[in-house]
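*Asks:* Give the three-dimensional model of this entry:
(one chain, ligands or ions: 1)
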Amino acid sequence: MVAEIIDGKKIAGEIRTGLKPRLAKLADAGNVAGLAAVLVGENAASQLYVKMKSKASEEMGMAHWTIQLPEDVSEARLLQEIGRLNSDPKVHGILVQQPLPSQIRVEAAVAAVSPLKDVDCFHPVNVGLMLIGRPRFAPATPSGVVELLMRSGNDPSGKHVVILGRSNIVGKPLAALLMQKAPGANATVTIAHTATKEIAAHTRRADILAAAMGSPRFLKADMVRDGAVVIDVGINRVPDPTAKGGYRTVGDVDFDAVKQKAKAISPVPGGVGPMTIAMLLSNTVSAGEIASKAAGPAPP
Ligand code: GUN
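*Replies:* This is a model prediction of the structure:
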């Protein structure tokens with residue numbers, strides 16, 4: 001079997017198109033949805049991700065700001081900046097790009113963002129709401145994975161999903177989303193991680209595999225059941241003398257080999273990456289709608 005390629009760029013485009021009438025409605029009420037990204041330090045990957053988020057906001061006609069802080073910024077100064085964004089009515093969504101330097105506690109940064117502007121869905125209150133099945137925002141990458149599955153005709157309901165990786169950004173919230181008794185979920189979920197014994201015994205039992213452990217080409221063909229659906233969440237830069245710049249971006253899946261066995265597979269790049277951005281934009285529109293509702297009708 002040669003897998004169907006799940007085109008994240010195309011599906012993300014459909015989601016972005018679906019946001020346009022909502023943005024137009026907000027604009028009619030005098031509101032431009034706005035996203036603020038806080039970037040600490042000079043991490044090249046983080047700089048690129050924030051640039052892509054800003055570019056996507058610009059393309060959608062949304063307002064956007066990047067707040068660049070130095071690598072050695074104190075936690076207190078970062079929290080002060082987040083507080084300023086929390087009280088700015090033009091800012092509907094706030095994200096603090098991770099990773100953060102060691103002097104800053106990630107939990108302090110995520111808890112400082114107003115839960116009503118937390119478009120990453122990292123605030124403990126929003127994580128809790130999602131876990132109990134009453135989400136305010138859906139975490140961007142995990143909900144992007146769900147949308148990829150649903151829109152490629154691979155509803156996870158009743159399926160066994162094996163997630164590789166237990167990060168707070170992908171593995172744990174993806175498990176929380178997929179286990180809900182809800183449309184786009186209803187799956188039986190296994191999380192495998194660094195302490196899992198005989199990992200291939202788990203992955204071979206999966207109907208759907210989500211690889212999110214940050215290990216280049218970790219998932220090999222012999223770890224995948226014939227006809228499984230494979231979603232690759234990894235983004236890794238590996239040396240490649242044949243590539244422009246000497247590096248190539250690869251996922252957590254050994255794509256060329258696994259493609260021969262899977263029923264469907266998402267590529268890297270062009271799979272989950274564009275979906276993360278589309279879902280972030282979607283959450284920012286939702287945050288704009290929440291703010292617009294709270295403010296009441298526009299003055300005549
Ligand atoms: N670092 C890696 N993924 C993400 C993300 O989705 N949001 C933020 N803020 N930082 C990240």
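
*Asks:* Regarding stretch 225-237, how distant is the last residue from the first?
*Replies:* One end of stretch 225-237 to the other measures 27 Å (Cα to Cα, to the nearest Å).

*Asks:* One more: stretch 233-250?
*Replies:* The first and last residues of stretch 233-250 sit 10 Å apart, counting by Cα to Cα.

*Asks:* Check stretch 86-96 too.
*Replies:* End-to-end distance for stretch 86-96, by Cα to Cα: 12 Å.

*Asks:* same question, stretch 212-230
*Replies:* In stretch 212-230, first residue to last residue: 11 Å (Cα to Cα).

*Asks:* Please apply the same query to stretch 264-283.
*Replies:* So stretch 264-283: terminal residues 27 Å apart, Cα to Cα.

*Asks:* got the buried residues for the helix or strand harbouring residue 278?
*Replies:* Using DSSP states H and E, residue 278 sits within helix 272-295. Across helix 272-295, burial judged by 16 or more other Cβ atoms under 10 Å covers 272-289, 291-292. From N, CA and C alone the C-beta is placed, and that goes for glycine too.

*Asks:* Residues contacting stretch 276-284, please?
*Replies:* Applying Cβ atoms under 8 Å, 6 or more residues apart in numbering, the contact partners of stretch 276-284 are 11-13, 15-16, 19, 33-35, 52-53, 56-57, 60, 62, 92-93, 95, 119-121, 137-138, 140-141, 143-144, 147.

*Asks:* on that earlier part again, restrict the buried residues of helix 272-295 to contacts with the ligand.
*Replies:* Contacts with the ligand are made by residue 276 out of the buried residues of helix 272-295, judged by Cβ under 6 Å from any ligand atom.

*Asks:* picking up where we left off before, among the contacts of stretch 276-284, which ones are in strands?
*Replies:* Judged by DSSP state E, the contacts of stretch 276-284 include 34-35, 93, 95 as members of strands.

*Asks:* check contacts around the closest residue to residue 129 other than its chain neighbours.
*Replies:* The spatially closest residue to residue 129, leaving aside those adjacent along the chain, is residue 136, at 5.3 Å (Cβ to Cβ, 6 or more residues apart in numbering). By Cβ under 8 Å, 6+ apart, the residues touching residue 136 are 115-116, 121, 126, 129-130.

*Asks:* Just say helix, strand or coil for the residue of the stretch 1-150 of the chain at minimum distance from the ligand.
*Replies:* Across the stretch 1-150 of the chain, the shortest distance to the ligand (Cβ to the nearest ligand atom) belongs to residue 98, at 3.8 Å. Classification of residue 98 using DSSP: H, G, I helix; E, B strand; the rest coil returns coil.

*Asks:* same check, this time on residue 130
*Replies:* When classified by three-state DSSP, residue 130 comes out as helix.
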